[in-house]
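>>> here's a sequence, model it:
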Amino acid sequence: MVVSRRLSVYTEALLSAQADAVQMSQQDLRALAFIIEFESLSTGHLGQLMGLSHGGATSLINRLESAGFIQRDRCERDRRVVMLRPVAERCEPLMRPEPYVVNHITELAQRSSASELTGMCDFLTRCVKVLRQDTLQWLATRELVK
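I've put the predicted structure just below:
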(Lines give C-alpha, C1' and ligand atoms only; values in the text may rest on other atoms or scores of the structure.)
Protein backbone atom coordinates (compact mmCIF):
# COMPACT_ATOMS: atom_id res chain seq x y z
CA MET A 1 0.00 0.00 0.00
CA VAL A 2 2.90 2.36 0.67
CA VAL A 3 4.20 1.89 -2.88
CA SER A 4 0.67 2.29 -4.23
CA ARG A 5 0.22 5.58 -2.38
CA ARG A 6 3.58 6.83 -3.60
CA LEU A 7 2.70 5.91 -7.20
CA SER A 8 -0.59 7.76 -6.74
CA VAL A 9 1.21 10.90 -5.56
CA TYR A 10 3.51 10.96 -8.56
CA THR A 11 0.69 10.11 -10.94
CA GLU A 12 -1.17 13.14 -9.59
CA ALA A 13 1.95 15.25 -10.08
CA LEU A 14 2.16 14.13 -13.71
CA LEU A 15 -1.54 14.89 -14.12
CA SER A 16 -0.89 18.40 -12.80
CA ALA A 17 1.96 18.90 -15.27
CA GLN A 18 -0.17 17.56 -18.12
CA ALA A 19 -3.11 19.78 -17.17
CA ASP A 20 -0.79 22.77 -17.16
CA ALA A 21 0.62 21.81 -20.57
CA VAL A 22 -2.81 21.54 -22.20
CA GLN A 23 -4.19 24.54 -20.30
CA MET A 24 -6.92 22.62 -18.50
CA SER A 25 -7.65 22.55 -14.81
CA GLN A 26 -6.44 19.51 -12.91
CA GLN A 27 -10.01 18.85 -11.85
CA ASP A 28 -11.28 18.82 -15.44
CA LEU A 29 -8.50 16.50 -16.58
CA ARG A 30 -9.06 14.18 -13.60
CA ALA A 31 -12.80 14.06 -14.36
CA LEU A 32 -12.05 13.29 -17.99
CA ALA A 33 -9.72 10.46 -16.89
CA PHE A 34 -12.58 8.94 -14.85
CA ILE A 35 -15.00 9.19 -17.78
CA ILE A 36 -12.47 7.61 -20.14
CA GLU A 37 -11.59 4.80 -17.71
CA PHE A 38 -15.22 3.82 -17.14
CA GLU A 39 -16.14 4.49 -20.81
CA SER A 40 -19.43 5.92 -19.64
CA LEU A 41 -20.29 7.37 -16.27
CA SER A 42 -23.43 8.90 -14.85
CA THR A 43 -23.33 12.52 -13.80
CA GLY A 44 -24.05 11.46 -10.21
CA HIS A 45 -21.21 8.96 -10.15
CA LEU A 46 -18.78 11.52 -11.55
CA GLY A 47 -19.79 13.93 -8.78
CA GLN A 48 -19.32 11.14 -6.23
CA LEU A 49 -15.85 10.25 -7.54
CA MET A 50 -14.79 13.88 -7.62
CA GLY A 51 -16.38 14.88 -4.31
CA LEU A 52 -18.47 17.55 -6.00
CA SER A 53 -21.92 18.92 -5.30
CA HIS A 54 -24.55 18.59 -8.00
CA GLY A 55 -23.93 22.19 -9.08
CA GLY A 56 -20.15 21.73 -9.11
CA ALA A 57 -20.45 18.56 -11.17
CA THR A 58 -22.82 20.26 -13.61
CA SER A 59 -20.41 23.16 -14.10
CA LEU A 60 -17.48 20.79 -14.70
CA ILE A 61 -19.52 18.68 -17.15
CA ASN A 62 -20.62 21.81 -19.03
CA ARG A 63 -16.97 22.85 -19.47
CA LEU A 64 -15.95 19.40 -20.75
CA GLU A 65 -18.92 19.21 -23.10
CA SER A 66 -18.39 22.76 -24.44
CA ALA A 67 -14.74 21.91 -25.15
CA GLY A 68 -15.86 18.80 -27.07
CA PHE A 69 -14.30 16.22 -24.73
CA ILE A 70 -17.53 14.49 -23.69
CA GLN A 71 -21.09 14.02 -24.82
CA ARG A 72 -24.19 13.49 -22.72
CA ASP A 73 -26.62 10.69 -23.46
CA ARG A 74 -29.62 9.31 -21.65
CA CYS A 75 -29.21 5.92 -19.96
CA GLU A 76 -31.03 3.27 -21.96
CA ARG A 77 -32.38 1.53 -18.82
CA ASP A 78 -33.42 4.69 -17.01
CA ARG A 79 -33.99 7.74 -19.22
CA ARG A 80 -33.79 10.04 -16.16
CA VAL A 81 -30.08 9.28 -15.78
CA VAL A 82 -27.60 11.26 -17.87
CA MET A 83 -24.53 9.32 -18.97
CA LEU A 84 -21.23 10.93 -19.89
CA ARG A 85 -19.18 9.44 -22.70
CA PRO A 86 -15.75 10.50 -23.93
CA VAL A 87 -15.33 11.81 -27.46
CA ALA A 88 -12.48 9.51 -28.50
CA GLU A 89 -10.77 11.69 -31.10
CA ARG A 90 -10.72 14.63 -28.69
CA CYS A 91 -9.63 12.64 -25.61
CA GLU A 92 -7.04 10.30 -27.08
CA PRO A 93 -4.24 12.88 -27.35
CA LEU A 94 -4.72 13.87 -23.71
CA MET A 95 -4.51 10.31 -22.42
CA ARG A 96 -1.27 9.39 -24.19
CA PRO A 97 1.58 8.92 -21.76
CA GLU A 98 4.30 11.55 -21.86
CA PRO A 99 7.17 10.33 -24.09
CA TYR A 100 9.83 11.05 -21.48
CA VAL A 101 7.94 8.92 -18.92
CA VAL A 102 7.60 6.10 -21.45
CA ASN A 103 11.32 6.32 -22.16
CA HIS A 104 12.24 6.13 -18.49
CA ILE A 105 9.90 3.19 -17.86
CA THR A 106 11.23 1.43 -20.97
CA GLU A 107 14.76 1.81 -19.58
CA LEU A 108 13.63 0.27 -16.29
CA ALA A 109 11.83 -2.54 -18.10
CA GLN A 110 14.97 -3.41 -20.06
CA ARG A 111 16.64 -4.28 -16.74
CA SER A 112 14.03 -6.98 -16.08
CA SER A 113 13.51 -10.36 -17.69
CA ALA A 114 10.48 -11.12 -19.85
CA SER A 115 9.09 -13.41 -17.14
CA GLU A 116 9.52 -10.70 -14.47
CA LEU A 117 7.72 -8.16 -16.66
CA THR A 118 4.94 -10.62 -17.43
CA GLY A 119 4.54 -11.33 -13.72
CA MET A 120 4.47 -7.64 -12.81
CA CYS A 121 1.99 -6.85 -15.57
CA ASP A 122 -0.25 -9.72 -14.50
CA PHE A 123 -0.09 -8.61 -10.87
CA LEU A 124 -0.86 -4.97 -11.67
CA THR A 125 -3.71 -6.00 -14.00
CA ARG A 126 -5.24 -8.06 -11.20
CA CYS A 127 -4.82 -5.13 -8.78
CA VAL A 128 -6.61 -2.79 -11.20
CA LYS A 129 -9.43 -5.33 -11.57
CA VAL A 130 -9.92 -5.51 -7.79
CA LEU A 131 -9.76 -1.73 -7.41
CA ARG A 132 -12.25 -1.28 -10.26
CA GLN A 133 -14.67 -3.75 -8.64
CA ASP A 134 -14.33 -1.94 -5.30
CA THR A 135 -14.93 1.41 -6.99
CA LEU A 136 -18.03 0.15 -8.81
CA GLN A 137 -19.33 -1.31 -5.53
CA TRP A 138 -18.74 2.02 -3.79
CA LEU A 139 -20.48 3.93 -6.57
CA ALA A 140 -23.48 1.61 -6.37
CA THR A 141 -23.79 1.44 -2.58
CA ARG A 142 -21.51 4.17 -1.15
CA GLU A 143 -19.76 1.39 0.79
CA LEU A 144 -16.42 -0.24 0.06
CA VAL A 145 -16.23 -4.02 -0.06
CA LYS A 146 -14.89 -5.29 3.27
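
>>> quick one: end-to-end distance for stretch 96-116.
25 Å (C-alpha to C-alpha, to the nearest Å).

>>> for stretch 105-120, same thing?
Stretch 105-120: ends 13 Å apart by C-alpha to C-alpha.

>>> other residues contacting that stretch?
Counting contacts by C-beta atoms under 8 Å, 6 or more residues apart in numbering, no residue outside stretch 105-120 touches it. Bear in mind the C-beta positions are built from the backbone N, C-alpha and C, glycine included.

>>> quick one: that stretch to chain centroid distance?
Put simply, stretch 105-120 sits 25 Å off its chain's centre (C-alpha atoms, centre = their mean, to the nearest Å).

>>> which residue of the protein lies farthest from its centroid?
Distance to the chain centre peaks in the chain at Ser113, reaching 29.5 Å (criterion: C-alpha atoms, centre = their mean).

>>> what does the pLDDT read for it?
Looking at Ser113, its pLDDT is 94.

>>> and what of Leu144?
66.

>>> how about Arg74, nearest residue that isn't a chain neighbour?
Spatial nearest neighbour of Arg74, chain neighbours left out: Val82 (6.5 Å); criterion: C-beta to C-beta, 6 or more residues apart in numbering.

>>> please disregard the earlier target; I meant Thr58.
Thr43 (7.3 Å).

>>> and if you look at Gln26?
Looking at Gln26 with C-beta to C-beta, 6+ apart, the closest residue is Ala19, at 4.6 Å.

>>> which element is that neighbour on?
helix 2-21 (DSSP states H and E).
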